[in-house]
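**Student:** Build the 3D model from these lines:
(chains A and B)
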Amino acid sequence: MKKPSLHPLTWWIWAGLLAIAIVRFQSTVLTLLCVGAVAGLVFWLREDAPWGKSFSWTIKLSLWILFVRTLIGILIGVPIPGTTLFTLPIIELPRWMPGIRIGGAVTSERLSSAVSEGILICAIILVFGAAASLTSPHRLLRILPVYVYEFGVSVVIATSALPQLVTSVSRIRQAQLLRGQSLRGFRSWKRIAIPLLEESLARSLDLAAAMDSRGYGISRKRSRYRPIKWRYTDYLVILSAISVVGLS
Amino acid sequence: MIKFSNVSLVYPNSTKTVLEDLNLEISEGEMVLVIGPTGSGKSSLLRLINGLVPHHTGGILAGDVSVDGISTQLVKPGGMSHLIGIVGQNPLNGFVTDTVEEELAFGMENLNLSNDVMRKRVEEVLDLLSLAPLRARTIATLSGGEQQRVAIGAALVTHPKVLVLDEPTSALDPIAAEEVLSILQRLVHDLSLTIVIAEHKLERVIQFADRIVYIDGQGETKVGTPEQIMLDSPIAPPIVHLARALGLKDIGTTVREMRRLTHEVRGKNYHEASHEVSPQTSISIKIDNLKVNYADYVAVNAFSTEIYDNEIVALMGRNGAGKSSLLKAIAGISKEVSGGVGVVGSNPQNLKGKERRECIGYIPQEPSDLLYGQSVAIECEQADVDNEINPGTTAKLLSQLVPGISGDTHPRELSEGQRLGLALSVVLSSNPKVLILDEPTRGMDYQAKRELVSILVSFAKSSNKCVVLATHDVELVADLATRVIFIADGEKVADGSTLDVLLSSPAFAPQVAKVMSPHPWLRVSDVTAAIEKL
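**Tutor:** Numbering: from 1, shown residues only, chains lettered A, B, ... in the order given. Below you'll find the predicted structure:
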């Protein structure tokens, strides 16, 4: 079936509303349900374009954040009484840092609160990641009013650079693998980061020059070719998000 | 139309003069070709026309550039967009929107044209460049030639008087290149458009040019008709080298002219050149019923072949025919592979680290993907450490391949040819048995290409080595390859000696072969050798 073409702002508004709902839910189960639904939607609707592939990276990023957040939640924090799972050695802190404890007893309550807080953060990241991968950054630029020209240029460069970065990473990784480099560990990141940075800088400069020479921003008024209209499907998407907020 | 008066250009933090005291007037409806070695300032000259240099890049500009009476000193590039259309070296980097139609409309939206004007002009351009079937496509999914056409269309919709193109055919296969160039020629004749074009592959464009601007890289420039410039230019297409080798009085720039001039030479009775068939020794690469499947299409289908050592094999075919996919499968980097690939007896997918480096050397389309050092010296040292060889070996190799690179230079500051040389010496330092190159000559000038040919030939001649390369460059294949495999839609169409394959299709025949047909000669050296034997 033909996938619906939506207004570029729709998914961003939708993501904002869902984020509100997730914060209001205060429930890990409902949050996970929400994330599952969002992920399903992304894999169904995303286009075969560079930004469409950015969602799997968002997932990896948020899993990493979840891990770090949980670890910190266990190590540092206010002790919560409850069933003790195991006890870590307490590190003595100077007297001028009262109320903070590193280590100590890890209770199941402490663990679960750390995990659920982590999930909350990740859910919000994922929801906005979904919006980014469902909306073409270039279409987003098209609806920007022209008086924010300078801002518009930086937005399009930033947003179009990010997903293309993902494509470049895999290409450079391949090349480095072929040079016989192992790609584990921190040092390997340097090998990828340097060519990557150079390439994206060059690309951004090219894009800026191209936009400039094609007259972007010279006229205060800007006409629209086949203006992007707000359709009933856009209302449907937004309404669905509002109803989720209503439920929370 | 375009007027350069006493133009000199120096970039900041650089002592090199890019242009010195250039005076040039280009009139309406002229097609001007800008040539010169890489890094000589061709792109700078093009970008001076609409003021991107110095408005966008900085630099000190003396003198004045004006287009249709408007000086670039007073108007920013954006203010010239109704007058000048510019197509950059890599059109994909310059696309602002994602679909073909929106991209075409972008320039007009900026000029605040009304919707009905835009609709009409978009349709015009879609027809002019035969883009109509692609109108709703996502640009990222188009082939290289189609993208180049979209970029030209996007520059044309504002009805500019001048069109500026930076290496429009460097990424295209010969047929797509021909298509783009014939469109440009039609624009000059039908609309009296003024076109300024920079290109390395002179054999493709020189026949269309009215005048040539030659930049030597030291600030000196020379302007003249193609015949004048080609009399003594070090940068010349094979056809001109042929005319010089034959000692012809006149120099022809098209195949037609050259055939008239060489009528007598061709008429003589030549001995059949005996083809020395190089003894086939052992198999280096064995491909058996290989398939590469991506999510929605088959890139390589049921491909089988055997490549022997001492061979230099060129893979040719349209943009998107599956050349890169095949190379990646041989290198063992594709995961979507079924069927057998054996490189010197081992499965390339299982190779790791040192073992891999000693078996396969691979140069990707962007050689800079391999490089991450902050300077050439660091890069070479790293290669020495990786391969556990004597310190300085890689640096020595580099100085043999491309002499005169300072160790302190950052890889980014090298020219295309030098960067490829660095990547090659890093890869060759581990002494691989098989060398794979993906489109090595993009953006390379004739000098760099000659160097590449001699490097690869000497590599393949050392024992048990073979080279596989994908390329669009017919002249390179004629100079270098011993065997050509032609691919279309992932399937092998032709496979044979370079002579047989190149001569069998006019589109892929090198210039010398077209001029000297029906004699089976591909290179200038073939012709001179045959004449000597007479």
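
**Student:** now the nearest residue to residue A:91 once chain neighbours are set aside: how far from chain B?
**Tutor:** Among residues not flanking residue A:91 along the chain, residue A:102 sits closest, at 4.3 Å (Cβ to Cβ, 6 or more residues apart in numbering or on different chains). For glycine as for every other residue, the C-beta is placed from the backbone atoms N, C-alpha and C. Using Cβ to the nearest Cβ, to the nearest Å, residue A:102 is found at 37 Å from chain B.

**Student:** Contact partners for residue A:102?
**Tutor:** If a contact means Cβ atoms under 8 Å, 6 or more residues apart in numbering or on different chains, then residue A:102 has A:75-76, A:90-91, A:93 as its contacts.

**Student:** buried subset of those?
**Tutor:** With neighbours counted by 16 or more other Cβ atoms under 10 Å in any protein chain shown, the contacts of residue A:102 contain no buried members.

**Student:** Out of those, name the ones that lie in strands.
**Tutor:** Under the assignment DSSP state E, the contacts of residue A:102 contribute A:90-91 to strands.

**Student:** from the contacts of residue A:102, which single one is nearest residue A:172?
**Tutor:** Lowest distance from residue A:172 to those (Cβ to Cβ) belongs to residue A:75, with 35.0 Å.

**Student:** need the contact list for that closest one.
**Tutor:** Counting by Cβ under 8 Å, 6+ apart, residue A:75 touches A:88, A:102-103.

**Student:** In chain A, where is pLDDT below threshold?
**Tutor:** In the predicted model of chain A, residues A:1-4, A:50, A:77-79, A:99, A:138, A:142, A:146-150, A:152-163, A:182-185 satisfy pLDDT under 70.

**Student:** what secondary structure does residue 229 sit in?
**Tutor:** Here I'm looking at chain A. At residue A:229 the chain is in coil, as set by DSSP: H, G, I helix; E, B strand; the rest coil.

**Student:** oops, chain B please
**Tutor:** Secondary structure, three-state DSSP: residue B:229 is helix.

**Student:** Likewise for the one 3 residues further on?
**Tutor:** In terms of secondary structure, residue B:232 is coil; the call rests on three-state DSSP.

**Student:** mind pulling up the phi and psi values for it?
**Tutor:** Main-chain torsions, residue B:232, degrees, to the nearest 10: phi -140, psi 10.

**Student:** Could you report the separation of it from residue B:220?
**Tutor:** Distance, residue B:232 to residue B:220, using Cβ to Cβ, to the nearest Å: 13 Å.

**Student:** and after whichever strand or helix holds residue A:13, which helix or strand comes next?
**Tutor:** Element membership of residue A:13, judged by DSSP states H and E, is helix A:8-25. Reading on from helix A:8-25 to the C-terminus, the next helix or strand found by DSSP H and E is helix A:28-45.

**Student:** ok, residues contacting that next one?
**Tutor:** Contacts of helix A:28-45 (Cβ under 8 Å, 6+ apart): A:3, A:18, A:21-22, A:25, A:55, A:59, A:115-116, A:119-120, A:122-123, A:126-127, A:130, A:133-134, A:244, A:248.

**Student:** again, but for stretch B:50-58
**Tutor:** A:208-209, A:212-213, B:9, B:11-12, B:44, B:47, B:59-61, B:65, B:67, B:72-73, B:75-77, B:80-81, B:83-84, B:86, B:164.

**Student:** same deal with stretch A:218-232?
**Tutor:** Contacts of stretch A:218-232 (Cβ under 8 Å, 6+ apart): A:6-8, A:139, A:142-143, A:146-147, B:76, B:78-79, B:81, B:101-102, B:105, B:108-115, B:118-119, B:122.

**Student:** Going through these, which ones are buried?
**Tutor:** The neighbour count (16+ other Cβ under 10 Å) marks A:6-8, A:139, A:142, A:146, B:76, B:78-79, B:81, B:101-102, B:105, B:108-111, B:113, B:118, B:122 as buried among these.

**Student:** Out of these, which sit inside strands?
**Tutor:** Among the buried ones among the contacts of stretch A:218-232, no member falls in strands (DSSP E).

**Student:** Out of these, which sit inside helices?
**Tutor:** If you go by DSSP state H, the buried ones among the contacts of stretch A:218-232 have A:8, A:139, A:142, B:101-102, B:105, B:108-110, B:118, B:122 in helices.

**Student:** Now distance to residue A:49 too, for the residues you listed, in JSON lines please.
**Tutor:** Formatted as JSON lines, those follow (distance: Cβ to Cβ, whole Å):
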{"residue": "A:8", "distance to residue A:49": "13"}
{"residue": "A:139", "distance to residue A:49": "11"}
{"residue": "A:142", "distance to residue A:49": "15"}
{"residue": "B:101", "distance to residue A:49": "16"}
{"residue": "B:102", "distance to residue A:49": "13"}
{"residue": "B:105", "distance to residue A:49": "19"}
{"residue": "B:108", "distance to residue A:49": "24"}
{"residue": "B:109", "distance to residue A:49": "21"}
{"residue": "B:110", "distance to residue A:49": "23"}
{"residue": "B:118", "distance to residue A:49": "24"}
{"residue": "B:122", "distance to residue A:49": "22"}
